[in-house]
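In: Model the following, please.
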Amino acid sequence: MAGSLRWNIVGGIIGFLITTFAASMTNPLSTSIVRGVIGGVIWFGLVFGFRWIAQMLLQGSGQGDHNVQAMEPSSVTVRGQNIDYTTPDEQDIHAILTSSPVESSSSTAHSDQAVEFTPMNPPKLVTKPPLNDEQLAQAVRHLTQK
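Out: Numbering: from 1, shown residues only. Purely as a prediction, here's the structure:
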């Protein structure tokens, strides 16, 4: 962790003083001190969290970890540090785009056979004819009787 616990303690004391002073304006002294202690603990935790995040950021960039700096730069491999921006040649792209799916999928068992496309024939949806006024009235009478 970057630094020492002294920063956390100083942050806790500052939080205690600010919270106690703010609470003493409207509360009795005992309540103000209790709230000051709670505020000091919260500030202690906040400072600890900020220091932990700062340590992670510094360690991720290679500035915070002294062991990584002592190693040779070529032997350090960290994921996500290098990005390969190369693209395939135009001939490779053309070959990929012009190849049929049967040619490109050599791992399938049926790669020797030609795959033929057959469209689906789903059943047609049929709508009911609209109900006449007498049928609607009977339906409403039936529902109101129950």
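In: List the buried residues in stretch 44-60.
Out: 44, 47-48, 51 (16 or more other CB atoms under 10 Å). C-beta: built from backbone N, CA, C; applies to glycine.
In: swap that for stretch 28-42, sorry
Out: For stretch 28-42, by 16+ other CB under 10 Å, it's 32-33, 35-36, 39-40.
In: so residue 36 makes contact with residue 13?
Out: No - when contacts are counted by CB atoms under 8 Å, residue 36 is not listed as touching residue 13 (10.0 Å).
In: what's around residue 9, how many residues?
Out: Residues within reach of residue 9, counting by other CB atoms under 10 Å, total 13.
In: Wait, it touches residue 41, no?
Out: No - proximity of residue 9 to residue 41 does not meet the contact threshold set by CB under 8 Å, at 11.5 Å.
In: Tabulate the buried residues of stretch 44-60 (CSV), appending secondary structure, pLDDT and distance to residue 97.
Out: Listed next are the buried residues of stretch 44-60 as CSV, based on DSSP: H, G, I helix; E, B strand; the rest coil; pLDDT from 0 to 100; distance: CB to CB, whole Å:
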residue, secondary structure, pLDDT, distance to residue 97
44, helix, 92, 61
47, helix, 91, 57
48, helix, 90, 55
51, helix, 89, 53
